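J.: requesting a structural model of the entry that follows:
(one chain, ligands or ions: 1)
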Amino acid sequence: MAKTLPELRTQIDALDLELLALLNQRASLAHEVGEIKRADGSAVFRPERETQVISSLQAANPGPLKNASLAVIWREIMSACRALEAAQRVAYLGPAGTFSEQAALQFFGASIERVLCASIDEVFRATAAGSAEFGVVPIENSSEGVISRSLDLLLNSPLHIIGETSFLVRHNLLRLKPTLADIEVVYAHPQALAQCQDWLSTHLPQAERRAAASNAEGARLAATNPAWAAIASERAASEFGLHVASHAIQDDAFNRTRFAVVCLPQTLAAPLATGNDCVSLIVSVPNRPGAVHDLLVPLKKHGVSMTRFESRPARSGQWEYYFYIDLQGHPSQPHVAAALKELQSLCAFCKVLGTYPVGE
Ligand SMILES: C=C(O[C@@H]1C=C(C(=O)O)C=C[C@H]1O)C(=O)O
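T.: A predicted model of the protein is given here:
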């Protein structure tokens with residue numbers, strides 16, 4: 001006979017108590033790991049270990065829990081365990097409710113100390129100066145291309161990339177009223193204004209578009225005037241007490257933004273290989289025919305895949321460029337090490353930005 005609702009809930013309550021005991025046992029073990037790390041001075045956060053914990057559980061998962069849900073649950077379990085060793089101080093573009101905050105929480109879980117910054121430059125500065133251990137910065141958007149400020153700052157920064165994370169970005173039109181009537185100004189970060197330009201031209205052709213330092217800052221401004229609106233996340237709507245006057249207004253339904261997690265090399269050395277890793281570099285080549293072609297030869301020769309190739313002006317006034325390249329693999333693999341060595345010998349400039357597990 002089927003169980004009754006009270007019977008099922010009694011069973012759930014009993015299982016929750018077992019889970020609680022197990023989670024606390026796990027937390028105690030993580031705390032012991034923390035003692036060992038403190039004694040030998042090694043880093044608390046080990047992204048490659050956390051990636052492996054999640055992928056082993058996903059491989060063993062019989063369901064009905066989905067693998068994606070399992071990743072979210074264990075990200076938080078590990079975040080809480082890590083916080084018992086030491087909560088990570090993580091800098092990102094604020095105020096509360098930005099997509100950068102969403103990225104920081106998706107990567108580190110919620111048990112972190114939040115260091116909110118007024119600009120991407122400040123995220124780099126705070127992380128390089130040690131007021132934050134890690135920084136989270138947007139790198140590229142699938143509809144608008146690279147976030148040029150982040151790429152330019154990576155060039156001269158002492159920080160290296162130790163991880164990445166990405167998600168589908170949904171923009172919403174937020175304001176004090178639930179309708180689209182009588183909107184005079186729309187505030188948003190220039191990237192968001194660009195990602196919603198068709199929608200704005202169709203639905204709010206009269207409204208003035210004004211740039212804000214972040215979407216959440218735009219939402220904060222929209223909360224001060226009923227004739228103003230903002231483009232931001234649903235999180236920002238609840239943060240600033242605004243209505244979602246229109247949902248999912250981005251022109252591209254698959255609008256995805258990718259973020260890099262950066263830190264000083266002394267905070268955390270390059271993560272060890274997980275089997276699904278990536279190397280990011282910036283190179284420039286001498287200004288002569290075939291130089292870019294030559295760059296690709298070592299990759300082909302050693303069978304290394306390139307997953308990204310972007311260019312940024314070198315600002316020399318000479319039509320010279322820096323190339324931002326992502327390679328598949330880890331330098332501990334001989335074919336990757338050989339390709340990197342040959343590549344470096346061909347380049348006028350070569351900076352390895354980091355080696356890290358491929359993110360969501
Ligand atoms: C417990 C550890 O420290 C941290 C917490 C982890 C966890 O909770 O599983 C995993 C890696 C580290 O980020 C460890 O290194 O094993």
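J.: only C-alpha atoms for contact and neighbour calcs from this point on.
T.: OK.
J.: can you give the distance of stretch 10-30 from its chain's centre?
T.: Distance, stretch centre to chain centre, for stretch 10-30: 31 Å (CA atoms, centre = their mean, to the nearest Å).
J.: okay, buried residues for that stretch please.
T.: 27, 30 (16 or more other CA atoms under 10 Å).
J.: for the record, mean pLDDT for it?
T.: Averaged across stretch 10-30, the pLDDT comes to 97.
J.: just the CA trace of it, in PDB.
T.: Extracted in PDB, the C-alpha atoms of stretch 10-30 (Å, rounded to 0.1, in the frame of the first residue of the first chain):
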ATOM      1  CA  THR A  10       8.700  11.100   9.000                       C
ATOM      2  CA  GLN A  11      11.100   9.100   6.800                       C
ATOM      3  CA  ILE A  12      12.400  12.400   5.300                       C
ATOM      4  CA  ASP A  13      13.000  13.800   8.800                       C
ATOM      5  CA  ALA A  14      14.900  10.700   9.800                       C
ATOM      6  CA  LEU A  15      17.100  10.800   6.700                       C
ATOM      7  CA  ASP A  16      17.800  14.500   7.200                       C
ATOM      8  CA  LEU A  17      19.100  13.700  10.700                       C
ATOM      9  CA  GLU A  18      21.400  11.100   9.200                       C
ATOM     10  CA  LEU A  19      22.500  13.600   6.500                       C
ATOM     11  CA  LEU A  20      23.100  16.200   9.200                       C
ATOM     12  CA  ALA A  21      25.400  13.700  11.100                       C
ATOM     13  CA  LEU A  22      27.200  12.800   7.900                       C
ATOM     14  CA  LEU A  23      27.700  16.400   6.900                       C
ATOM     15  CA  ASN A  24      29.100  17.300  10.300                       C
ATOM     16  CA  GLN A  25      31.500  14.300  10.100                       C
ATOM     17  CA  ARG A  26      32.600  15.600   6.700                       C
ATOM     18  CA  ALA A  27      33.000  19.100   8.000                       C
ATOM     19  CA  SER A  28      35.200  17.800  10.900                       C
ATOM     20  CA  LEU A  29      37.400  16.000   8.400                       C
ATOM     21  CA  ALA A  30      37.700  19.200   6.300                       C
END
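J.: the helix or strand containing Val137 packs against which elements?
T.: For Val137, the host element (DSSP states H and E) is strand 134-141. Under the contact criterion of 3 or more CA pairs under 8 Å, 6 or more residues apart in numbering; DSSP states H and E, strand 134-141 touches strand 89-93, helix 99-108, helix 120-129, helix 148-156, strand 256-263.
J.: partner strands of that strand and their direction?
T.: Each strand paired with strand 134-141, and its direction, by DSSP bridges: strand 89-93 (parallel), strand 145-146 (antiparallel), strand 256-263 (antiparallel).
J.: turn those strands into CSV, including mean neighbour count, mean pLDDT and distance to the ligand.
T.: CSV is the format used below for these (neighbours: other CA atoms under 10 Å; pLDDT from 0 to 100; distance: least, CA to the nearest ligand atom, whole Å):
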stretch, mean neighbour count, mean pLDDT, distance to the ligand
strand 89-93, 26, 97, 14
strand 145-146, 15, 87, 29
strand 256-263, 23, 96, 14
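J.: now do the contacts for the residue in the stretch 101-250 of the chain positioned nearest to the ligand.
T.: Residue nearest to the ligand within the stretch 101-250 of the chain (CA to the nearest ligand atom): Phe108, separated by 9.1 Å. Residues near Phe108 by CA atoms under 8 Å, 6 or more residues apart in numbering: 75-76, 79.
J.: now those residues as JSON lines including distance to the ligand?
T.: Shown next, in JSON lines, are the contacts of Phe108 (distance: CA to the nearest ligand atom, whole Å):
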{"residue": "Arg75", "distance to the ligand": "8"}
{"residue": "Glu76", "distance to the ligand": "9"}
{"residue": "Ser79", "distance to the ligand": "7"}
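J.: take these and keep only those in helices.
T.: Among those, the residues falling in helices (DSSP state H) are 75-76, 79.
J.: now do the domain split for the protein, please.
T.: The chain breaks down into these domains under automatic domain parsing: 25-34+44-86, 89-168+256-263, 172-246, 277-357.
J.: can you say which of the contacts of Phe108 are buried?
T.: 75-76, 79.
J.: quick one: Pro62 and the ligand, what's the gap?
T.: 21 Å (CA to the nearest ligand atom, to the nearest Å).
J.: count of neighbours near that residue?
T.: Using other CA atoms under 10 Å as the criterion, Pro62 is surrounded by 10 other residues.
J.: just Leu346 next, same as before
T.: Leu346, neighbours per other CA under 10 Å, totals 18.
J.: residue contacts, it?
T.: So Leu346 contacts 285, 294-295 (CA under 8 Å, 6+ apart).
J.: can I get those residues in CSV including pLDDT and neighbour count?
T.: Formatted as CSV, the contacts of Leu346 follow (pLDDT from 0 to 100; neighbours: other CA atoms under 10 Å):
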residue, pLDDT, neighbour count
Val285, 85, 20
Asp294, 90, 14
Leu295, 89, 19
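J.: how about residues contacting whichever strand or helix holds Glu239?
T.: For Glu239, the enclosing helix or strand under DSSP H and E is helix 234-240. Contact partners of helix 234-240, identified using CA under 8 Å, 6+ apart, comprise 96-98, 172, 174, 216, 219-220, 223, 243-244.
J.: right, I'll leave it there.
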